[in-house]
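>>> Return atomic coordinates for the entry below.
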Amino acid sequence: MKSKQIYLWVIALYFVLISLFYYAAKEQLYERQSAGNISSVPGDRVTAELTEGLLLSQRFLCEMDKVERFSVNIATFARKNTGTLWMELWDDTEKKKIYSERFALEELIDGQVLEVVLSDAAAGVRGHQLSIRMHSPDAAAGNAIAPWYASDGNAQGAQFYINESAADGMICFAVYGHDKVWTGPHYWKVTLPFGGMLCIACLLLLYLERKGKSCFVFTLAALMKRYRFLLKQLVLRDFKIKYRRSVLGALWSFINPLMTMCVQYIVFSTIFKMDIANYPVYLLSGVVFFNFFTESTNVAIHAITGNAGLITKVYVPKVIYPVSKVLSTGVNLLISLLPLWIMSLATGIRLTKAWLLLPYGLISLLLLSTGAGLLLSAVMVFFRDMQFIWSVLCMVFNYVTPVFYPVSILSEPMQNSLTWNPLYHHISFFRTIILEGISPQPRLYVTCMLFSLGILAFGYAVFKKTQDRFIFYI
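Coordinates of the predicted model:
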C-alpha cells in the first residue's frame, strides 16, 4: 500500500470516528452528571418526629445547572405510621417553590432513602440557595416519621432549619442533576478544523517522505501491509502453540478470565467487603483488559530472543516478531470479551449505542501493548534479566491499577498518581461504556491515545535504534 493511500485511509477513519462518536455520545456531549452532585452523609441520630406544626428545612448551595432528583434518609421507628408527608424543593434565592410530592406514611419503610424525582428538571439554578422542606400536617407524636441527620455535619453553603430557626447538624440528604457541557454546541467547530489540520499534516508527511523522511506510524503500517502473509502465519503459529496438547484448547481463553474473576470475587467481596455496584462486571472488565496487556507484553519480551533461528537465517523486518506476539494475544482478548459480554447481560446491564465505541479503546490498548512489547523485546536482547524484572513490575501494576478495588479507597496523593498510569485510563474507558452505558468524556479519548502513541513512538524508536545489533547478542 502506497503512503498516499495510507494517509487517505487515516483521514477517512478520522471522519468516521468523529461521526460515530457524535452518534454514540450525543447526549453526553451536551449534558453530563454534575460534578456538583451532593451525596448523603452518614447519620448518627434522628430529628424530632415530624408532626403537625413542625417544618424541617435543609438549605444548600446549588452547584449544578439542572436539578433532577433529591432524597432524604428517613426513620419510621420500626412502626407503621399514618398520615401524609410533604417533601418540597424551594428556590430560596428567588423565593419560589420548585417541586413538591406527597407520600403516605403507612407506605414508608424504616431506614428508607426517600427519593423525589422531578417531573421537569429544575434548570437555571446554579449559584442559587435551594432548600429541601419536609412537613406532615396531619401526623401526631408517636405516629410520625423523622429524617436522619448528622449532628456534626456542616457542608459548605448548607444550613439546617427547624421552623425557620437555624440548628446544628445536617439532614442526611442527596441532590443529583446534570451540568451543561461545552463540547456539544461546539463539537463540529472543533473536530472539523482538526480534520483540516490532519489533512495538512498528511500532506506535509507525504512531502517529507519524498525528501527521504517518513513518520514511524505509517512506516510501521506499511511494513505490516507488505509482510501481512508472514504476520498472519506467525500469529496463527503462536496461537496454535499456546493450546497445543491442551484438551480444552482455545476454550481456555473463555474460561480463564471467568475463573480469575470468581476467585477474586470471593476474596474481595466476602473477605475484604468490596461494596461496588455490579462488582462481577466491574472486576471482570478489569481482569480481561489488564490480563491482555500483561500477557501480550510477557510474550512479546521473548519475541527476538525466541526467534533467533529465523532472524539469523532469513531477512524479515525484525519488528514483525514482537508485533505478531501482541496480535496473537489479541485473538485471546477477542475470545475473552465473550464472557464479559455474557456476564454483563446476566447482571442486567443493557447494551447501548455507546458500545459501538469499544473498538476505539481496543485499538488504543493494542497500540499501547505493541509499544511496550517493542521496547521490552529490544531491552531483553541486551539484558536478559529484564524478563524477571518485568514479571515483578506486572505484579506491581496489578496492585496500583484499580482492577479489583475502587479508586475511592485510595488517598488523594495516590489518586493523583494514577493519572500517570496508562492502564488506569484504558480500564476507566471500558468501564464507563460497559457499566454506565455512556461514552467516556472526550479528554479520556485523548488521554488514552496520547499514552498509546507516546509509548508506541518510544518503543519503536528504541527498537529501530538497536535492531542492527541484535545479531551479535542473540
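
>>> Measure how buried the spatially closest residue to Lys97 that is not a sequence neighbour is and give me the count.
Nearest non-adjacent residue to Lys97, counting by C-beta to C-beta, 6 or more residues apart in numbering: Trp90, 5.4 Å away. C-beta: built from backbone N, CA, C; applies to glycine. Neighbour count of Trp90, defined by other C-beta atoms under 10 Å: 19.

>>> quick one: contacts of the helix or strand containing Trp90?
Using DSSP states H and E, Trp90 falls within strand 84-91. Residues from elsewhere that reach strand 84-91 (C-beta atoms under 8 Å, 6 or more residues apart in numbering): 50, 57, 67, 70, 72, 96-105, 108, 114, 116, 118, 122, 125, 128-139, 145.

>>> I'd like to know which of those are buried.
When those are checked for burial by 16 or more other C-beta atoms under 10 Å, the buried set is 50, 57, 67, 70, 72, 98-99, 103, 105, 108, 114, 116, 118, 122, 125, 128-136, 139, 145.

>>> and those residues, which of them are in strands?
57, 67, 70, 72, 98-99, 103, 114, 116, 118, 122, 129-135 (DSSP state E).

>>> Identify the residues contacting Ala432.
No, residue 432 isn't Ala; it's Thr. Neighbouring residues of Thr432 by C-beta under 8 Å, 6+ apart: Ile438, Ser439, Pro440, Leu444.

>>> How about Val281?
By C-beta under 8 Å, 6+ apart, the residues touching Val281 are Leu340, Met343, Ser344, Thr347, Ile349, Ile434, Leu435.

>>> ok, back up a step: so which of the contacts of Thr432 are in helices?
The helices, defined by DSSP state H, take in Leu444 from the contacts of Thr432.

>>> after the helix or strand bottoming out on mean pLDDT in the chain comes which helix or strand?
Across the helices and strands of the chain, mean confidence by mean pLDDT, DSSP states H and E is lowest for helix 251-266: a mean of 62. Sequence order places helix 279-300 as the next helix or strand after helix 251-266, per DSSP H and E.

>>> List the buried residues in the helix or strand following that next one.
Counting by DSSP H and E, the element after helix 279-300 in chain order, helix or strand, is helix 308-313. The neighbour-count check on helix 308-313 (16+ other C-beta under 10 Å) flags Ile311 as buried.

>>> Mind checking the pLDDT average for helix 308-313?
Averaged across helix 308-313, pLDDT comes to 77.

>>> Just the buried residues of whichever helix or strand comes after it, please?
Where DSSP H and E defines the elements, the next helix or strand beyond helix 308-313 is helix 320-346. For helix 320-346, burial by neighbour count (16+ other C-beta under 10 Å) applies to 320-333, 335-337, 339-340, 343-344.

>>> Taking helix 279-300 as reference, get the angle to helix 320-346.
Comparing the axes of helix 320-346 and helix 279-300 via axes from the mean of the first three to the mean of the last three C-alpha atoms, to 10 degrees yields an angle of 170 degrees.
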